[in-house]
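Engineer: coordinates for the following, if possible.
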Amino acid sequence: MDFSWTKDQKVLRSQAVKFAQNSNRADAIEADRNCEFSKELWRAYADFGVQGLIVPGEYGGLELDMLSCIAIMEGLGYGTNDNGILFSINAHIWSCVKPILTFGTQKQKEKYLPGLCNGEVIGVHAMTEPETGSDAFNLKTTAVDKGDHYVVNGCKTFITNGDIADVVLVFVRDSQKKENINCLIVEKGIPGFTLSRKIEKMGLRTSPMNQLFFENCIIPKENLLGQEGMGKIIFSHAMDEERAFILSAQIGSMEKQLETCVSYAKTRKQYGSMIFKYQSISNMLADMKVRLETSRLLVYKVASLKAKGENASQFSAIAKLYVSESYVQNSLSAMRIHGGYGYTTEYELERQLRDSVGGLFYSGTSEIMHNIIAELLD
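Structural biologist: Below you'll find the model as predicted:
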């Protein structure tokens, strides 16, 4: 398989790198420390077209192919100094925009997609609950069918973009047909929909996370996404693509990280020689390169399968498992190569390590990825 970029894709990646670098936060260290999400940066990314990458032009998007989207996300990952904004944007695109685009009615698309593309509306989905976690479909949040509306009660947790979201796709269990899981479009501000305080995290601290509470929330039937009982299909469809595209941003980060380490190793001297010449350092750099290039091929494989309309569930899980674990290993190596400097906030490597650890858990844990891969073996 040839995963080489076309000329246009190379231009897109280069433009994404420049945009991200020019948009970087001067207050990145303080923003991370204070868990500050930047709406100004969100709007800048929307103006660049990121939130509408996959959306047709009639709704205000760019409608790019999968590999072109990967190229842009990789470029943004390479150029940014705020991994949190990319995490929030990917959650917005793949867990909210894409499901509405794929499963929404024409009325739903016309109502929500323009705002989701232009940065005026922030979206996400709400699946995880306090007692579920990896057992995603064992939902306790219920929806009672009242004819022209549902009455929703329950709690969701670890919800990315929770307190900044205007639109939330909420997965619920039908209280009458308990085997049915539905997906409802819930708008901010409806009676009975409240938020907890922010959940403070180890990394990706500029991407907000909250608990959501629903107490006798009345949701019109017209806000049902897809058909009744399609919740599992909608969620699984979103996860395949979310995993690949969040990972593509990580690949960009890993590439920049490696370049930084090589440059440092060729200028830093110990015992009269640059540390690049010491085998313990050069071996770490070589391993970082191997993990980077292997990760890249896996993500491109997923994008290629999706572009051809083929099932990518197993390769999506393989990519998620390998890339997330590799990013953590590369981040640890980067800190070791920089020694004591790597442990300081000034060099920003410790923040990359903290951000990378989140990849072991979001969009399915490494343990769940092992399960998925095994279940799909021929």
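Engineer: tally of neighbours for residue 92?
Structural biologist: 28 (other C-beta atoms under 10 Å). Every residue, glycine included, has its C-beta placed from N, CA and C.
Engineer: next up, the contacts around residue 46.
Structural biologist: 52, 117, 118, 119 (C-beta atoms under 8 Å, 6 or more residues apart in numbering).
Engineer: what is the nearest of those residues to residue 78?
Structural biologist: residue 52 (21.0 Å; C-beta to C-beta).
Engineer: test my guess that the closest one contacts residue 58.
Structural biologist: No. Here residue 52 does not reach residue 58: they are 11.2 Å apart, not a contact under C-beta atoms under 8 Å.
Engineer: hey, where'd the strands end up in the protein?
Structural biologist: For the chain, strands defined by DSSP state E occupy the ranges 123-126, 142-145, 149-160, 167-174, 181-187, 193-198, 209-220, 224-225, 269-270, 273-274.
Engineer: how much space is there between residue 191 and residue 152?
Structural biologist: For residue 191, the distance to residue 152 (C-beta to C-beta, to the nearest Å) stands at 11 Å.
Engineer: can you give me the end-to-end distance of stretch 340-356?
Structural biologist: 19 Å (C-alpha to C-alpha, to the nearest Å).
Engineer: repeat for stretch 117-128
Structural biologist: OK, stretch 117-128 end separation, C-alpha to C-alpha: 25 Å.
Engineer: now swap in stretch 76-86 and tell me
Structural biologist: 8 Å.
Engineer: list the buried residues for it?
Structural biologist: 76, 77, 78, 79, 80, 81, 82, 83, 84, 85, 86 (16 or more other C-beta atoms under 10 Å).
Engineer: just checking, which of those belong to helices?
Structural biologist: 76, 77, 78, 79, 83, 84, 85, 86 (DSSP state H).
Engineer: just flag the most distant two among those residues.
Structural biologist: 78 and 84 (16.0 Å).
Engineer: against residue 84, how distant is the residue lying closest to residue 267 once chain neighbours are set aside?
Structural biologist: Nearest residue to residue 267, sequence neighbours excluded (C-beta to C-beta, 6 or more residues apart in numbering): residue 274, at 6.7 Å. Noted for residue 274: a distance of 34 Å to residue 84, by C-beta to C-beta.
Engineer: distance of residue 306 from residue 316?
Structural biologist: 8 Å.
Engineer: actually residue 42, not the one I wrote
Structural biologist: For residue 42 relative to residue 316 (C-beta to C-beta), the value is 26 Å.
Engineer: related to what we said a few turns ago, for the buried residues of stretch 76-86, which one is nearest residue 331?
Structural biologist: The closest of those, once distances to residue 331 are taken by C-beta to C-beta, is residue 83, at 11.0 Å.
Engineer: any low-confidence regions in the stretch 51-200 of the chain?
Structural biologist: 133-136 (pLDDT under 70).
Engineer: now with 90, please.
Structural biologist: Low-confidence segments of the stretch 51-200 of the chain (pLDDT under 90): 65-67, 129-139, 147, 174-180, 195-198.
Engineer: so residue 19 is in contact with residue 80, correct?
Structural biologist: No. In this structure, residue 19 is not within contact of residue 80 by C-beta under 8 Å, at 9.3 Å.
Engineer: just checking, what packs against the longest helix along the chain?
Structural biologist: In the chain, with assignment by DSSP H, the single longest helix is helix 231-265. In this structure, helix 231-265 packs against helix 66-79, helix 83-92, helix 98-103, strand 167-174, strand 181-187, helix 279-307, helix 313-338, helix 349-357, with contacts taken as 3 or more C-beta pairs under 8 Å, 6 or more residues apart in numbering; DSSP states H and E.
Engineer: quick one: closest of these to residue 378.
Structural biologist: Nearest of the helices and strands packed on helix 231-265 (C-beta to C-beta): helix 313-338, 9.6 Å.
Engineer: buried stuff in the closest one?
Structural biologist: Result for helix 313-338 [16+ other C-beta under 10 Å]: buried residues 313-328, 330-335, 337-338.
Engineer: I figured residue 54 hits residue 63, correct?
Structural biologist: Yes. Using C-beta under 8 Å, residue 54 is in contact with residue 63, at 6.9 Å.
Engineer: more crowded one of the two?
Structural biologist: residue 54 (22 against 14).
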